[in-house]
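[1] After the sequence you'll find the predicted model.
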Amino acid sequence: MWVQGREVGARTSRCDVKLSISLRGKEVKQLAKRIHRQEGFTLIELMIVILIIGILVGIAVPVFLAARGSAEEKTCMSNRRTIKSSSNIYAASNDGDYPGTASWRTDLTGYVENIDSLTCPRSGAWTVVSGADQPINISCSSCDDV
């Protein structure tokens, strides 16, 4: 029989075996105390973590909203440029006559694929000014002019 790396036999007394076993029992008790003694996070530590997360969110949300607004404005400008380019192609095909103010959507239907999807993502109202001999001019109520 082996106890703590030593062979227990005829040469080992009963006192040695009891001492070895009792030391082993103390180690187990100390380990159990150490396990139960471990504590979780304190309230201060949790509050600091929540504060740091709040600061990060406070920084990230405005940056995200600004990027979203910038993307919406650029999309609106791109849509208006697409319509202006297609109106120039329309004029080149129709002896220099540009689409009319009231009929520009129907006039440009063959020149722009899915013209009804070209709108302002901010739901701004477009003001279109055009004449037979002048290029189309589109302004948006919620975005900067091109």
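    Alright, I've got the coordinates.
[2] In which helix or strand does the most centrally placed residue in the chain reside?
    With distances taken as Cα atoms, centre = their mean, the residue of the chain nearest its centroid is Phe64 (7.8 Å). Phe64 belongs to helix 43-93 when assigned by DSSP states H and E.
[3] Now do that helix: which elements does it pack against?
    helix 104-107, strand 137-140 (3 or more Cβ pairs under 8 Å, 6 or more residues apart in numbering; DSSP states H and E). To be clear about C-beta, it is placed using only N, CA and C from the backbone, and glycine gets the same treatment.
[4] Out of these, the one nearest Arg80 is which?
    Closest approach to Arg80 among the helices and strands packed on helix 43-93 is made by strand 137-140 (4.5 Å; Cβ to Cβ).
[5] So in that sheet, which strands flank that closest one, and in what orientation?
    Sheet partners assigned to strand 137-140 using DSSP bridges are listed as strand 126-129 (antiparallel).
[6] what does the domain assignment say about the chain?
    9-35, 69-146 (automatic domain parsing).
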